[in-house]
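Chemist: Provided below are the primary sequence and the corresponding predicted coordinates.
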Amino acid sequence: MAALNELRDVRNIGIMAHIDAGKTTTTERILFYTGRSYKLGEVHDGTAVMDWMEQEQERGITITSAATTCYWKEKKINIIDTPGHVDFTIEVERSLRVLDGAIAVFCAVGGVEPQSETVWRQADKYGIPRIAFINKMDRVGANFDRCVRMIAERLGANPLPVQLPLGKEETFEGVLDLIEQRMLTFDEQTLGQDVIETDIPAAYNDTFTAARLMLLEKLADFDEGIMEKYLDNAPVTAPEIYAALRRATLELSVVPVLCGSAFKNKGVQPLLDAVVNFLPSPLDVPSVVGQGGDGESIQRKPDPKEKLTSLVFKLMSDSFVENLAFVRVYAGKLSVGEKVYNPVKNKQEKISKLMKLHANKREEVQEIAAGDIGAIVGLKFSTTGDTLCEKGDYIVLESMDFPEPVIGVAIEPKSKAEEKKLHETLAKIALEDPSFTVSTNKDTGQMIISGMGELHLEIIIDRLLNDFKVAANVGKPQVAYKETIEATCRAEGKFDQLTGAKGQYGHVIIEVEPLDRGAGIEFVSTVDSDTVPEQFLASIRKGIVDSLDSGPLIGYPMTDIRVTLVGGSYHEEESTEMAFGVAGAMAIRRATAEARPKLLEPIMDVEILTPEEYIGDVIADLNAKRGKVVGVSTEGHLQAVRAHAPLAELFGYSTSIRSATQGRANFTMQFLQYDVVPANRAEAIVKKIRGI
């Protein structure tokens with residue numbers, strides 16, 4: 001069992017970045033140099049170990065977070081390689097929730113790209129110490145200094161280079177180590193396995209000295225010992241720099257910046273050294289805090305002798321294995337054969353099998369101790385975000401927020417025989433991916449599957465048809481509209497019914513009013529208990545909220561509404577919770593129908609990187625799609641156009657942007673907010689959906 005001193009040698013890290021910055025290639029090199037893989041896997045020819053899904057190998061992108069464990073300089077490193085595409089943000093979110101540190105990979109040409117910002121903000125949210133690796137230094141247009149500036153300006157971080165690149169583009173040879181004051185090059189004959197250390201070349205002396213002084217000057221702000229030596233012009237040793245830099249990184253005061261080219265096998269071993277030197281062990285991060293049964297705060301230290309406290313952060317199932325639950329153990333240990341308690345579901349689970357993971361290969365173990373990450377096979381009740389603790393104990397760790405799906409497609413089985421299989425498989429996928437939902441349209445009876453974007457749904461449908469072998473017909477993508485109101489309106493609902501010997505009576509008067517975008521649904525009561533007793537308020541609220549699931553226009557969920565209970569009456573003997581629930585539902589249906597209902601559509605935040613000569617075409621295309629340009633800036637030799645556009649107009653946008661720019665532009669988009677659909681457009685949508 002891992003003792004506390006062994007926990008000091010554990011690093012739980014994630015590798016995160018914008019799509020195509022080279023995360024998976026960097027991870028592949030890490031596995032090769034640590035001896036975890038015996039040959040180099042490549043993304044572009046479909047042999048990357050971490051991109052093991054067929055859909056990932058076909059597209060050359062990461063879709064699902066893959067976990068692995070490797071060893072470097074007697075330190076155990078648990079790595080999660082996360083996706084970079086915005087449609088799979090949920091994968092990054094739940095991985096960062098359980099990690100202690102992260103490597104942020106940036107492309108030396110693209111710098112800080114839109115999805116880099118998203119994942120960086122997610123890491124900020126969880127207070128995760130990071131190191132930055134500026135990759136692809138061998139590419140045409142690589143610019144180390146520009147990337148460092150962008151990390152400071154765009155991300156609000158404090159980047160601190162600990163290396164300088166030796167050359168750039170086709171002349172990139174290696175790195176200059178500012179701490180150890182040496183030049184590192186990587187032997188191409190041994191695929192970069194042999195690191196050659198030499199003195200700093202004379203041609204780089206001035207640049208090197210200035211960069212090292214800058215490093216010491218910045219570190220002096222966080223370390224008094226270095227400050228004294230810096231002011232006295234006394235030499236500062238490498239161990240002193242390492243200690244100060246580690247402290248500053250763990251406090252989130254600085255982000256050490258390294259560089260290299262993972263594809264050309266340059267700079268990966270120093271990156272591994274930086275993981276060991278600067279990123280936290282489970283003992284360096286604050287103790288995990290959860291809620292007890294009475295709402296009190298409970299703290300658990302990362303110690304195998306503590307009571308078991310662990311979090312299920314991801315479920316995975318495929319057609320070959322039982323349910324796999326990825327779990328981070330914060331305190332205590334999980335052991336095979338033991339029973340554990342899930343306080344969220346109030347269920348007991350048996351640990352029948354435990355696994356350590358290497359991408360899609362699995363190795364059985366007898367226990368997973370505090371500070372470690374592994375997987376449990378065959379949990380029956382637990383889902384993503386659930387806490388597992390000891391029997392008889394009660395602690396609930398903070399769960400995760402999942403984004404709402406914004407795009408849906410209709411799906412139906414090809415035959416009656418396939419119906420059960422389709423339902424079961426969709427339920428399996430929805431269980432492992434909380435950003436994917438399955439629902440039935442009340443009006444049409446169609447089954448709708450919804451996700452975060454076109455690619456997200458495309459991958460799910462691909463898995464459904466090819467991995468799970470379900471025969472199904474899939475419709476065109478549909479937008480997840482919502483409804484709201486524009487006016488204030490008062491309405492009454494009265495349920496007065498005689499059923500058998502006992503009657504049912506409920507009577508409410510409500511007022512509805514619109515709220516700001518994104519406010520959701522509010523329910524308040526201004527009546528006293530003589531008008532409507534308090535015990536009926538919960539039923540009235542439930543009747544109202546349940547009815548708001550289907551709006552008066554075309555049955556989409558309603559939002560951004562305040563409902564105020566302003567009056568009503570009750571009967572001493574015949575009033576029931578059910579009667580008040582029905583009265584609330586009747587009142588809200590009347591009120592929303594008369595309060596000028598409006599259709600809302602998802603608006604996306606779109607960022608397009610395009611060569612300057614195509615900027616006019618890009619903006620014209622956006623205007624034709626009801627887009628609103630909110631900013632244009634220069635990013636190196638490219639122009640970055642930021643716009644807000646309705647999702648309904650962006651289906652197939654990758655094709656139209658390619659044709660407008662001869663394939664030279666790329667874009668990312670993410671959900672921004674819901675907004676009112678223009679009247680003429682809304683009328684056409686309502687007619688179409690109602691089948692008029």
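Modeler: Structure's in. What do you need?
Chemist: I figured residue 638 was touching residue 609, is that so?
Modeler: Yes. Counting by C-beta atoms under 8 Å, residue 638 touches residue 609, with 4.8 Å between them. All C-beta spots, glycine's among them, are computed from the backbone N, C-alpha and C.
Chemist: Which helix or strand lies directly C-terminal to the worst-scoring helix or strand of the chain on mean pLDDT?
Modeler: Ranked by mean pLDDT, DSSP states H and E, the helix or strand of the chain with the weakest confidence is helix 54-59, at a mean of 39. For helix 54-59, the following helix or strand on the C-terminal side (DSSP states H and E) is strand 66-72.
Chemist: Run through the neighbouring helices and strands of that next one.
Modeler: Secondary-structure packing of strand 66-72 (3 or more C-beta pairs under 8 Å, 6 or more residues apart in numbering; DSSP states H and E): helix 23-33, strand 75-81, helix 268-278, strand 354-358.
Chemist: Give the pairing partners of that strand; include direction for each.
Modeler: strand 75-81 (antiparallel) (DSSP bridges).
Chemist: Not counting the strand it pairs with itself, show me its contacts.
Modeler: Outside strand 75-81, the residues that touch it by C-beta atoms under 8 Å, 6 or more residues apart in numbering are 9-15, 23-24, 27, 30, 34, 50, 62, 65-71, 95, 99, 272, 275-276, 372-373.
Chemist: Between helix 268-278 and that strand, find me the angle.
Modeler: Strand 75-81 and helix 268-278 are oriented at 110 degrees to each other (axes from the mean of the first three to the mean of the last three C-alpha atoms, to 10 degrees).
Chemist: Averaged pLDDT, strand 75-81. What do you get?
Modeler: Across strand 75-81, the average pLDDT comes to 82.
Chemist: now that strand against helix 23-33, angle please.
Modeler: Orientation of strand 75-81 against helix 23-33 (the same axes, to 10 degrees) gives an angle of 150 degrees.
Chemist: before we move on, the earlier item: please identify the deepest-packed of the helices and strands packed on strand 66-72.
Modeler: Each of these was scored by mean neighbour count; the highest is helix 23-33, a mean of 26, by mean count of other C-beta atoms under 10 Å.
Chemist: just to revisit the earlier point, now which of the contacts of strand 75-81 would you call buried?
Modeler: Among those, those buried by neighbour count (16 or more other C-beta atoms under 10 Å) are 9-15, 23-24, 27, 30, 34, 50, 62, 65-70, 95, 99, 272, 275-276, 372-373.
Chemist: just so I have it, where are all the helices in the stretch 551-692 of the chain?
Modeler: When assigned using DSSP state H, counting those that start in this stretch, the helices of the stretch 551-692 of the chain occupy the ranges 577-594, 615-624, 653-661, 679-690.
Chemist: quick one, which of those helices is packed in tightest?
Modeler: Buried most deeply of those, by mean count of other C-beta under 10 Å, is helix 577-594, with a mean of 23.
Chemist: Distance to residue 116 added to the helices and strands packed on strand 66-72, as a markdown table?
Modeler: Shown next, in a markdown table, are these (distance: least, C-beta to C-beta, whole Å):
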| stretch | distance to residue 116 |
| --- | --- |
| helix 23-33 | 11 |
| strand 75-81 | 16 |
| helix 268-278 | 17 |
| strand 354-358 | 26 |
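Chemist: check contacts around the residue nearest to residue 167 when sequence neighbours are not counted.
Modeler: In this structure, residue 167 finds its nearest non-sequential neighbour in residue 173, 5.1 Å apart by C-beta to C-beta, 6 or more residues apart in numbering. Applying C-beta under 8 Å, 6+ apart to residue 173 gives the contacts 166-167, 185, 266.
Chemist: go on, residue 373?
Modeler: 12, 67, 78, 80, 98, 326-329.
Chemist: cutoff 10 Å now
Modeler: Residues near residue 373 by C-beta atoms under 10 Å, 6 or more residues apart in numbering: 10, 12, 67-69, 78-80, 95, 98-99, 310, 313, 326-329, 356-357.
Chemist: tell me the strands in the stretch 451-600 of the chain, going along the chain?
Modeler: For the stretch 451-600 of the chain, applying DSSP state E, counting those that start in this stretch gives strands covering 472-479, 482-485, 489-499, 502-514, 521-525, 561-569, 597-611.
Chemist: now the stretch 251-400 of the chain
Modeler: For the stretch 251-400 of the chain, applying DSSP E, counting those that start in this stretch gives strands covering 255-259, 288-291, 297-300, 309-316, 324-331, 333-335, 339-342, 347-350, 354-358, 361-365, 367-369, 373-377, 387-390, 396-397.
Chemist: do the same with the stretch 101-250 of the chain
Modeler: All strands of the stretch 101-250 of the chain, identified by DSSP E, counting those that start in this stretch, fall at 101-107, 130-135, 159-161, 163-166, 174-177, 182-186, 195-198.
Chemist: closest one to residue 283 among those strands?
Modeler: Proximity to residue 283, assessed across the strands of the stretch 101-250 of the chain by C-beta to C-beta, is greatest for strand 101-107 (12.7 Å).
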